[in-house]
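Undergrad: Take a look and give me a structure for this.
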Amino acid sequence: KDDENDVPVDYSFLQNQAGPMWKPMLSSIPRILIVDACRGSLTGGAIHTQLIPRAGSHQVHKDSLTCMVYGNSPGFKVREHPGKGGNFSQCLIAELRKNKGAKTAPLSVITSRVSKALQRLSDHEQTCWMEGDPLCNQVEFVRNNRQ
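TA: The predicted structure follows:
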């Protein structure tokens, strides 16, 4: 919210102000928007969990270690091909299949590769979009070799 006017500010407005819609040359450089603002009306996300019965309670944020990966950025539709599934699913499955054997790759690497493939497949109409706990970026995927 804008404190002076107490009016909500749409995040897509902020993205547009710092992106290629404002200055086309910005399409070739990474843009990191750091926003220290409320994202809703809830006052806190702390929850207590019992990890081990005798160890007592443990406090965590309810969304810790949670990450959402989408087939497009907020506000945009995704495409699907009958019999093949969505563009995003096709690219994600293809990338995970490349990760055969003992190779591992962190989520951030996998989603970067998926994003490039998805943009090519969709003629830049879609992009892989990820949000959530940054600790999830360190998660490494290993293909299960069981048949």
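
Undergrad: you'd agree Val60 is in a helix?
TA: No: assessed with DSSP: H, G, I helix; E, B strand; the rest coil, Val60 is strand; it does not lie in a helix.

Undergrad: wait, doesn't it sit right on Ala46?
TA: Yes: A contact is recorded between Val60 and Ala46 when judged using C-beta atoms under 8 Å, the distance being 7.3 Å. Any C-beta I mention is one placed from the backbone N, CA and C, and that applies to glycine too.

Undergrad: neighbour-wise, which of the two wins?
TA: A direct count of neighbours by other C-beta atoms under 10 Å for Val60 and Ala46 places Val60 higher, at 13 against 10.

Undergrad: Please name the residues that touch the more buried one.
TA: Contacts for Val60 (C-beta atoms under 8 Å, 6 or more residues apart in numbering) come out as Ala46, Ile47, Thr49.

Undergrad: okay if I get these as JSON lines plus pLDDT and secondary structure?
TA: Listed next are those as JSON lines, based on pLDDT from 0 to 100; DSSP: H, G, I helix; E, B strand; the rest coil:
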{"residue": "Ala46", "pLDDT": "84", "secondary structure": "strand"}
{"residue": "Ile47", "pLDDT": "81", "secondary structure": "strand"}
{"residue": "Thr49", "pLDDT": "72", "secondary structure": "strand"}
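
Undergrad: ok, so of these, who is nearest Arg120?
TA: For the contacts of Val60, the minimum distance to Arg120 (C-beta to C-beta) is 41.2 Å, reached by Ile47.

Undergrad: Bridging across strands, which residues link to that closest one?
TA: Val60 (DSSP bridges).

Undergrad: Please give me every residue in contact with it.
TA: Gln59, Val60, His61, Lys62.

Undergrad: my guess is the first one meets Gly44, correct?
TA: No: taking contacts as C-beta under 8 Å, Gln59 lies outside contact range of Gly44: 10.7 Å.

Undergrad: hey, which helix is longest across the chain?
TA: For the chain, the helix reaching the highest residue count under DSSP state H is reported as helix 107-121.

Undergrad: how about that helix: buried residues?
TA: Within helix 107-121, the residues that count as buried by 16 or more other C-beta atoms under 10 Å are Leu107, Ile110, Thr111, Arg113, Val114, Ser115, Ala117, Leu118, Gln119, Leu121.
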